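Asks: got a predicted structure here, sequence first:
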Amino acid sequence: MTVSPPTEPHQRLDGQLGTGAIVFMVIAAAAPLTVIGGNVPIAIGAGNGPGAPIGFALAAVILLVFSVGFVTMTPFVKEAGAFFSYVTAGLGSRLGLGSAFTALVAYTAIQVGIYGYMGWAVDDLVTFFGGPSLPWWLYSFATMAIVAVLGYRHIDLSAKVLGIALALEILVVVVLDVVIFATGGAEGIALETFDPAYVFSGGIGVAVLFALTGFIGFEATAVFRDEARSPERTIPRATYLAVVIIGVFYAVSCWALVTGVGAGNAVAAAQQTLAGEGNLLLDTTTEYLGPIVRDVVQVLLITSLFACVLSFHNVIARYQFTLAHKAVLPARLGHRHPSHHSPAFSSVVQTVTAAIILAVLALLGLDPLVGVFGSMAGVATVGMVLLMLTTSVAVVVFFARRPQLAAGRFARARVFPLLSIGGLAFALWLVLSNFTLVTGGSAAVSTVLALIPVIAMVIGIVWGKRFSLDAELVDDAAASDHAEERAAR
C-alpha cells in the first residue's frame, strides 16, 4: 500500500539558527551540570574509580567516530528527520519507520524521566531554603506548563532561553575545575586517572555506560536542518562541536572532581553520594568556592534540568512533524503555526503525551529519582545506542549502493562507519550488561524496560508494510558538489 502525503503543500519549518545556537540546543539536552552531579559519582563509585574520566573520553571517541559517517551522509539527506531519515535512505522505509518509533519512545522516555528528576530537585531546593515539602509531581507539572509555552512558540526563543541557562551552568563548573587544578586538589593533580590499572579495571564499562547516557540527544543537530542557516555547513560543524565540547567538558570535570577530593578518597566520596549521605559536586563546590557558590550550583541544577527537558520537547515535536508529512502520523501534526512558524500542534500533542505518562507514574507512587528518572533513562539509553547502531549500518549501505558518492571519501563513507558499528555494538553490550545500575530495578523489571525500544523498533518495521516511504534526498551530483565545497572551506 502506497500512502500519499498530505494533500496540502508541504510546510517546512524555517529559521536562521547558526552553528552556535544549534550547539547550545544539543548541549542543553545533555544537561551537563546534571551529568556532572549525577552520572559522574556513579561512574566513579560504581565504575573504575579514579579512572572514570577516561570512560567519558572513550564514550566521546565512540560518538565522534559515529559522527564522521553521520556527517558525511548529511549533504545527501534533505529531510530534518535525523535517524529516521538516514535509516530510511540507507535501509528502506520499514527500518526507517522502526527507527522513528524507537526515537519517539526513547526521547519521550528521557523527557518524562527529566520531569521526575526536576520535581525532586525543586522540592529539594525549596526545603533546603526552609520552604514546605510538597509532592514532587506538582513541580514537574509546573515545569511542563512552562515548557509547553516555549515549545509552542518559535524555536529562536527556546534557543535564547537554553543559551542563557547553559552558559551559566558551564561557567560555574569551569570555574570549579580551574580552581581545583590551580590549587592542586586534595592530594595533588590526580595522575592516577591515566594509570592503566585504574582505567582498565572491571568497572570501566559502568563509566562508559553513564557517559553515553550523558550524550543522549546529541544527533539532534540534524533535526533542526530546516531551521538552520546554510545547513550543509552548519549541521556538520554543530555535530562535531557538540560531541567534542560535551566530551571534553565531561572528562575534564570528572577528573577535576577526582583531583578535588583526592584519588585515594574519590571512590568513598562518590559512594557516599550514591548512598544519599553527601553530594560529591556540591560538597566539593563548598570546599573550593564557598557556600554561596554551592547555593548557586544547586539553583543552576534546576536550570540545567529545565534546559534539558525543553530541548527534548523541541526534538520530539520535530520528529512528529516530519512523520506527519510522511503520512505516518496524522496530518494535523505537520501543521506549522502561521505566526510562530513552529510545529505548534505537534508541540501540544507532545505535552499531552508526556503529561499522561507522568500522571500514571505519579499515581503508581514511584520515587521520582529511582522509579521515574532511573527507569526512563534506562529506556532512553538502550534506544539511543540501538538507533546509532542502525544508523551506522545505514550509512555503510547507502554509500555501498552509490559508489560514485563514496569516491574521494573512502574513509569517511566506509571505514569510519564500520568502526562505528563495532564500537556501538560494544557499547550496547556494556549498557545491557550493566542495565540494572541505570534503572535501579530488579533484573526482571530491567529486562522489560530494555525491551521497550526493541519492541518499538519491531512495531515500526511491521507497521512499515503499509507504507512506501522514501527519504527526501538531494540530487546526487549537487549534493556531492556541496560536500566538496564544504570540505574545501
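Replies: In hand now; what should we look at?
Asks: going on from the longest helix along the chain, what's the next piece of helix or strand?
Replies: The helix that spans the most residues within the chain, counting by DSSP state H, is helix 93-128. Using DSSP states H and E, the helix or strand that directly follows helix 93-128 along the chain is helix 136-152.
Asks: what packs against that following helix?
Replies: When contacts are defined as 3 or more Cβ pairs under 8 Å, 6 or more residues apart in numbering; DSSP states H and E, helix 136-152 packs onto helix 93-128, helix 155-183, helix 291-324, helix 344-363. C-beta here means a position set from N, CA and C on the backbone, and glycine is covered the same way.
Asks: the residue most central in space within the chain and G290: what is the separation?
Replies: Nearest residue to the geometric centre of the chain (Cα atoms, centre = their mean): I216, 2.0 Å. Relative to G290, I216 is positioned 33 Å away (Cβ to Cβ, to the nearest Å).
Asks: quick one: distance of the host helix or strand of V258 to the chain centre.
Replies: Taking DSSP H and E as the definition, V258 sits inside helix 231-261. Put simply, helix 231-261 sits 13 Å off its chain's centre (Cα atoms, centre = their mean, to the nearest Å).
Asks: same question, stretch 370-389
Replies: Average the C-alpha atoms of stretch 370-389, do the same for its chain, and the two points are 10 Å apart (Cα atoms, centre = their mean).
Asks: how about stretch 389-408?
Replies: 24 Å.
Asks: buried ones in it, by neighbour count?
Replies: 389-399, 402, 405-406 (16 or more other Cβ atoms under 10 Å).
Asks: show me which of the residues you listed is closest to V199.
Replies: L389 (24.7 Å; Cβ to Cβ).
Asks: what about the residue nearest to Q320 when sequence neighbours are not counted, neighbour count?
Replies: Using Cβ to Cβ, 6 or more residues apart in numbering and skipping residues adjacent in sequence, the residue nearest Q320 is S346, 4.3 Å away. As a burial measure, S346 scores 28 neighbours (other Cβ atoms under 10 Å).
Asks: next: A425.
Replies: Going by other Cβ under 10 Å, the residues that sit close to A425 add up to 13.
Asks: could you list the alpha-carbon positions for the helix or strand containing it in CSV?
Replies: Here A425 sits within helix 416-433, counting by DSSP H and E. This file holds the C-alpha atoms of helix 416-433, laid out as CSV (Å, rounded to 0.1, in the frame of the first residue of the first chain):
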residue,chain,number,x,y,z
PHE,A,416,34.6,5.1,10.0
PRO,A,417,31.0,3.8,9.7
LEU,A,418,32.3,0.2,10.1
LEU,A,419,34.4,1.2,13.1
SER,A,420,31.3,2.9,14.5
ILE,A,421,29.3,-0.3,14.1
GLY,A,422,31.9,-2.2,16.2
GLY,A,423,32.2,0.5,18.8
LEU,A,424,28.4,0.8,19.2
ALA,A,425,27.9,-2.9,19.4
PHE,A,426,30.4,-3.0,22.2
ALA,A,427,28.6,0.0,23.9
LEU,A,428,25.2,-1.8,23.6
TRP,A,429,26.7,-4.8,25.3
LEU,A,430,28.0,-2.6,28.1
VAL,A,431,24.6,-0.9,28.5
LEU,A,432,22.7,-4.2,28.7
SER,A,433,25.2,-6.0,30.9
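Asks: what pLDDT, on average, does it get?
Replies: For helix 416-433, the mean per-residue pLDDT is 90.
Asks: please compute how far it lies from its chain's middle.
Replies: Centroid displacement of helix 416-433 relative to its chain, using Cα atoms, centre = their mean, is 17 Å.
Asks: cool, stretch 63-75 as well?
Replies: That offset, for stretch 63-75, works out to 16 Å (Cα atoms, centre = their mean).
Asks: quick one: low-confidence ranges for the stretch 101-250 of the chain?
Replies: Residues of the stretch 101-250 of the chain meeting the criterion pLDDT under 70: 153-163, 165, 202, 220-232.
Asks: try 50 this time
Replies: Scanning the stretch 101-250 of the chain for pLDDT under 50 picks out no residues.
Asks: what's the helix holding A425 packed up against?
Replies: Packed next to helix 416-433, using 3+ Cβ pairs under 8 Å, 6+ apart, are helix 52-73, helix 204-213, helix 375-401.
Asks: comparing the ones you listed by mean pLDDT, which bottoms out?
Replies: For the helices and strands packed on helix 416-433, where the average pLDDT is lowest is helix 204-213, sitting at a mean of 82.
Asks: circling back to that earlier point, quick one: closest of the helices and strands packed on helix 136-152 to G464.
Replies: Per Cβ to Cβ, nearest to G464 of these: helix 93-128, 3.3 Å.
Asks: list the buried ones in that closest one?
Replies: Quick answer for helix 93-128 (16+ other Cβ under 10 Å): 93-123, 125.
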